[in-house]
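J.: need coordinates for the following:
(one chain, ligands or ions: 1)
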Amino acid sequence: MRKEKVTIKHILKKKRNNEKIVMITAYDYPSALIVDEAGVDIILVGDSLGMVVLGMKSTHTVSLEDMIRHTMAVARAEPSAMIVGDMPFGTYEPSTQKAVESAVAFVKAGADAVKLEGGTEYADRVKAIINAGIPVMGHIGLTPQRYLRLGGYKLQGKRRQEAQELLQDALALQEAGAFSIVIEFTAEETAKMITEKLDIPTICIGSGRYCDGQVLVYHDLLGLYDHTPPFAKRYVNLKQIILDAVKEYIKDVKEGVFPGQEHVRHSKEPIE
Ligand code: KIV
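T.: Below is the predicted model:
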């Protein structure tokens, strides 16, 4: 039976009721069907797409067109989960107008909300997108689109001063109207402090146990790559399962085991 569609009201209520929010990335139709059937609250069409699906070195080269195509594929699964489209590098920084236009493109593709990286410096973009009627999820801490400025993919919020700056970012996003904030790869104490000070939920990746929700990248959770970030939990080694299945297929074809009797259909009369 189909569940009721998850909206920002449900997500905000979860924080008030102290219920955890579960988000996962998905980038295509079959993965969206599976994660929705499993019962996640939010499907993030993350710009991690660039690395885990398209084989890029960073998220910098992900285009709006890439994100729109994959958001459309996820939306075709008609999930009950909320679909959040991740605004890629260069699609909101130049101006509020560009930010609104990019966010509108996501909604036309089937997204229920958008996410963008950054804090105080982009609060005006967040406000403008919300004024256009589109819910926004913030993203602070390790913001991979800024890895050059951050000096790499490093743990954030280790010191009191840094933690205070992140709190100011989170408060600016909340004030601008964001309905939730991703906190990526910060010290657990920092994410806990921010979570306690906000009215809107925090959804964390690599920032510890005290957030209102968690997010994992689909490929990390399923073990589709040999490397998994240290903060991600690999629930299954799907790479090994796929590898074994494809090797068995190769063996079957070479040995004439596949196709078997059950896979063939016969003509009605002799064929010469
Ligand atoms: O793109 C992505 O997958 C993300 C998550 C890591 C939050 O932004």
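J.: so what's the closest residue to the ligand within the chain closest to, chain neighbours aside?
T.: Distances between the chain and the ligand by Cβ to the nearest ligand atom are smallest at G46, namely 2.5 Å. (Each C-beta comes from the backbone N, C-alpha and C, glycine too.) Distance criterion Cβ to Cβ, 6 or more residues apart in numbering; nearest residue to G46, sequence neighbours excluded, is T25 at 4.2 Å.
J.: who's that neighbour bridged to?
T.: L44 (DSSP bridges).
J.: need the CA coordinates for the helix or strand harbouring A172. PDB is fine.
T.: Counting by DSSP states H and E, the element that carries A172 is helix 160-176. The C-alpha trace of helix 160-176 is given here as PDB (Å, rounded to 0.1, in the frame of the first residue of the first chain):
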ATOM      1  CA  ARG A 160      35.100  26.300  19.600                       C
ATOM      2  CA  GLN A 161      35.500  29.200  17.200                       C
ATOM      3  CA  GLU A 162      34.800  27.100  14.200                       C
ATOM      4  CA  ALA A 163      31.800  25.500  15.900                       C
ATOM      5  CA  GLN A 164      30.400  29.000  16.700                       C
ATOM      6  CA  GLU A 165      30.800  30.000  13.000                       C
ATOM      7  CA  LEU A 166      28.900  26.900  12.000                       C
ATOM      8  CA  LEU A 167      26.200  27.700  14.500                       C
ATOM      9  CA  GLN A 168      25.900  31.200  13.000                       C
ATOM     10  CA  ASP A 169      25.600  29.600   9.500                       C
ATOM     11  CA  ALA A 170      22.900  27.300  10.800                       C
ATOM     12  CA  LEU A 171      20.900  30.100  12.400                       C
ATOM     13  CA  ALA A 172      21.100  32.200   9.300                       C
ATOM     14  CA  LEU A 173      19.700  29.300   7.200                       C
ATOM     15  CA  GLN A 174      16.900  28.800   9.700                       C
ATOM     16  CA  GLU A 175      16.200  32.500   9.800                       C
ATOM     17  CA  ALA A 176      16.100  32.500   5.900                       C
END
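J.: in it, which residues are buried?
T.: Under the neighbour-count criterion of 16 or more other Cβ atoms under 10 Å, helix 160-176 has 162-163, 165-167, 169-174, 176 buried.
J.: please apply the same query to stretch 16-32.
T.: 21-28, 31-32.
J.: also stretch 187-205?
T.: If you call a residue buried by 16+ other Cβ under 10 Å, then stretch 187-205 has these buried ones: 187, 190-195, 198, 200-205.
J.: ok, stretch 113-121 next?
T.: Those would be 113-120, for stretch 113-121 by 16+ other Cβ under 10 Å.
J.: quick revisit: the residue nearest to G46 against L222, yeah?
T.: No. The criterion here is Cβ atoms under 8 Å, and T25 misses it with L222 at 10.9 Å.
J.: pLDDT on the host helix or strand of A128, on average?
T.: Using DSSP H and E, A128 maps to helix 123-131. Helix 123-131 carries an average pLDDT of 98.
J.: my guess is A178 meets V136, correct?
T.: Yes. Counting by Cβ under 8 Å, V136 is a contact partner of A178 at 5.0 Å.
J.: what do these two both touch?
T.: Any residue near both A178 and V136 by Cβ atoms under 8 Å, 6 or more residues apart in numbering counts here, and that gives 126, 130.
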